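Visitor: turn this into a structure:
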Amino acid sequence: MTKKLLSNKFIWVFLAFMLLLFPVALDKAPQTRDRAVVIGIGLDKKGDEYLFSTKILEPTLNQGFAQNVQVYSATGENCLQAMQKLTTDLGKISGLSNTSVVVICEDIAKEGVGTIFDFLIRSDRLNDNPIFIVTKKSAKQLLLDISKIDSSFSLSLNSLSKYNGVEVNSQLATMEQLLNNYYGGKTATLVAQINEREKSDDGIAVENQLSNESGGDSGQDSESQSGSSQKEGSDTASKTIENAGDTSLFVGDKQVASLSSQQIRGFGACLTATKGAYTLKNVSDENLKNADVVLTVKAKHSFVTYDFSKSGNPRVTYHLRYEVQIENIIQKNLNPNNIASTKSYLTKTMTNKFKEQIASDVSKSLQIAREYNADVFGAQDGFEKFKPKKWAEYLKNLQDKTDAFKNIDFFLDVQVKTMT
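Guide: Here you go, the predicted structure:
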């Protein structure tokens with residue numbers, strides 16, 4: 001058998017071919033030698049120019065992951081020019097296929113991000129669907145600080161923004177959603193904010209654990225107006241990077257308002273949020289007297305119906321089904337340990353109190369939406385999808401079609417039960 005294999009000319013040709021390729025494979029330069037692995041992008045304004053920052057993963061032997069993340073930046077009249085300068089200074093092409101987050105400062109968000117969308121969407125190297133985040137101050141500084149703290153957040157800001165989407169009823173906006181809404185021109189978008197504050201205890205905060213090991217680069221900003229880039233560190237041990245539920249309201253490509261977690265709570269009730277805590281004040285029923293009750297939502301199921309009134313006005317009804325659990329009851333002379341079960345304390349009075357809270361939250365958010373003509377609810381898309389003929393007829397009778405959303409009536413159908 002061995003003699004037959006050795007006498008087979010195809011075997012010898014294959015071995016010769018492998019010998020020719022093997023040295024080439026050993027000597028081939030790694031891809032990261034001429035291409036930077038960008039995992040995050042930050043955009044700020046510096047005078048009349050854009051400050052384009054990239055959070056780059058630099059593979060280095062004998063170092064931990066957090067030490068390998070560096071932030072580089074350059075300025076330019078537009079994003080393309082700044083990125084070209086950055087590429088020249090680094091000597092590497094910015095590889096954006098691993099980019100998972102795009103952070104912009106609020107100043108740019110207010111001006112409009114349409115040109116930035118156009119630049120990013122035309123980049124054949126960009127990841128198709130990074131998460132989009134707004135920060136009130138510096139996007140560059142946020143990237144710098146997030147790369148130097150607890151390693152669980154050093155890859156990107158995704159973990160913080162996802163936590164925001166679950167706990168404080170905000171939406172997790174991706175680049176794809178923003179582009180669809182921008183070019184569609186109808187639906188508004190809620191974009192999570194991640195902000196830095198000095199020694200803040202509010203919201204979901206991550207204390208910076210910087211040590212003196214950051215060395216000579218700490219706190220330096222060697223960037224020149226010509227767009228040269230430098231590796232930069234940051235000494236911000238007193239800061240917190242937090243997600244307190246602040247949210248940017250976008251209509252088209254512009255931020256029209258910055259909302260608190262309480263202002264957007266009603267949006268979350270009707271849209272994606274499934275968890276959260278509610279404090280019902282001054283509950284009085286057969287069991288309690290002027291008590292404060294903390295309820296947590298363990299599950300929520302919802303669906304939406306679209307119809308028209310007899311007069312032809314569009315109506316949207318949100319059917320919300322909550323499963324809740326009582327976490328705490330605060331009342332004088334009541335021992336929380338004596339609470340038998342959620343079911344026995346979830347009386348009709350308390351259920352109605354909870355429904356009133358949901359209705360109040362939705363009413364406040366709806367008022368904001370009407371004020372900015374921001375169809376965060378996607379109601380117009382719903383009518384076009386499920387009631388296209390009646391919706392088209394309704395639009396014909398409007399003098400100003402841009403007011404279509406303001407004339408839609410919203411209703412709630414809320415049911416509450418305890419966890420089984």
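
Visitor: could you pull out the strands for the stretch 101-250 of the chain?
Guide: Taking DSSP state E, counting those that start in this stretch as the criterion, the stretch 101-250 of the chain contains strands spanning 101-105, 131-135, 189-192, 195-198, 204-207, 239-243, 247-251.

Visitor: any idea which of these scores lowest on pLDDT?
Guide: Within the strands of the stretch 101-250 of the chain, the stretch with the lowest mean pLDDT is strand 204-207, showing a mean of 52.

Visitor: now for the strands of the stretch 101-250 of the chain, which one comes closest to Asn407?
Guide: Closest approach to Asn407 among the strands of the stretch 101-250 of the chain (Cβ to Cβ): strand 247-251, 17.2 Å. Yep, even glycine has a C-beta here, placed from its N, CA and C like the rest.

Visitor: can you list contacts of the closest one?
Guide: Applying Cβ atoms under 8 Å, 6 or more residues apart in numbering, the external contacts of strand 247-251 come out as 106, 109, 134, 170-171, 178, 181, 188-193, 255-261, 263-264, 368, 372-374, 376.

Visitor: domain ranges for the chain, per the record?
Guide: 31-259, 265-418 (automatic domain parsing).

Visitor: by mean pLDDT, show me the worst of those domains.
Guide: For the domains of the chain, the weakest mean pLDDT is recorded on domain 31-259, namely a mean of 71.

Visitor: restricted to helices, list the contacts of strand 247-251.
Guide: 106, 109, 178, 181, 368 (DSSP state H).

Visitor: top of these by number of neighbours, please.
Guide: By neighbour count, taken as other Cβ atoms under 10 Å, the most surrounded of the ones in helices among the contacts of strand 247-251 turns out to be Ala109 (24 neighbours).

Visitor: got the contact list for it?
Guide: Under the criterion of Cβ under 8 Å, 6+ apart, the neighbours of Ala109 are 134, 191, 248, 250, 254-255.

Visitor: tell me the secondary structure for the nearest residue to Arg265 once chain neighbours are set aside?
Guide: Distance criterion Cβ to Cβ, 6 or more residues apart in numbering; nearest residue to Arg265, sequence neighbours excluded, is Asp361 at 4.3 Å. Using DSSP: H, G, I helix; E, B strand; the rest coil, the three-state assignment for Asp361 comes out as helix.

Visitor: list just the nearest of the contacts of Ala109 to Thr272.
Guide: Among the contacts of Ala109, Val191 lies closest to Thr272 (Cβ to Cβ), at 13.7 Å.

Visitor: what distance do you get for the closest one to Gln415?
Guide: Val191 sits 31 Å away from Gln415, going by Cβ to Cβ, to the nearest Å.

Visitor: the more surrounded of the two?
Guide: Residue environment comparison for Val191 versus Gln415 gives the larger neighbour count to Val191, 24 against 12, counting by other Cβ under 10 Å.

Visitor: for the more buried one, which residues are in contact?
Guide: Residues counted as contacts of Val191 (Cβ under 8 Å, 6+ apart) are 109, 132-134, 171, 173, 178, 247-250, 255.

Visitor: what does Tyr322 give?
Guide: For Tyr322, the contacting residues are 297, 299-300, 354, 414-417, taking Cβ under 8 Å, 6+ apart as the criterion.

Visitor: and it, bridged to which residues?
Guide: When bridges are called by DSSP bridges, Tyr322 pairs up with Lys300, Val416.

Visitor: look up how far Ile41 lies from it.
Guide: When Cβ to Cβ is applied, the distance between Tyr322 and Ile41 equals 39 Å.

Visitor: repeat for Ser97
Guide: Ser97 sits 12 Å away from Ile41, taking Cβ to Cβ as the criterion.

Visitor: the two: which has the busier surroundings?
Guide: Set side by side, Ser97 and Ile41 show more neighbours around Ile41, with 26 against 13, by other Cβ under 10 Å.

Visitor: show residues contacting stretch 349-363.
Guide: The list of residues contacting stretch 349-363 from outside it, by Cβ under 8 Å, 6+ apart, reads 265-266, 269-270, 278, 280, 283-286, 288, 293, 295, 318, 320, 322, 324, 410, 412, 414, 416.

Visitor: scratch that, stretch 299-318
Guide: Judged by Cβ under 8 Å, 6+ apart, the contacts made with stretch 299-318 from elsewhere in the structure are 269-270, 273-275, 319-323, 362, 377, 379, 382-383, 386-387, 390-391, 393-394, 397, 407-413, 419.

Visitor: ends of that stretch, how far apart?
Guide: 16 Å (Cα to Cα, to the nearest Å).

Visitor: so which bits of it are buried?
Guide: Buried residues in stretch 299-318, counted by 16 or more other Cβ atoms under 10 Å: 300, 302, 304, 306, 308, 314, 316, 318.

Visitor: tell me which two in these are the farthest apart.
Guide: When the buried residues of stretch 299-318 are compared pair by pair using Cβ to Cβ, the maximum separation belongs to Lys300 and Phe308, at 27.2 Å.

Visitor: Lys310: what secondary structure?
Guide: The three-state assignment at Lys310 reads coil, by three-state DSSP.

Visitor: you'd agree Thr240 is up against Glu196?
Guide: Yes. Between Thr240 and Glu196 a contact is recorded at 7.1 Å, counting by Cβ atoms under 8 Å.

Visitor: tell me where the stretch 1-150 of the chain has helices.
Guide: Using DSSP state H, counting those that start in this stretch, the helices found in the stretch 1-150 of the chain span residues 2-6, 9-27, 65-68, 79-90, 106-111, 114-121, 139-146.

Visitor: do the stretch 201-350 of the chain as well
Guide: For the stretch 201-350 of the chain, applying DSSP H, counting those that start in this stretch gives helices covering 265-270, 342-345, 348-371.
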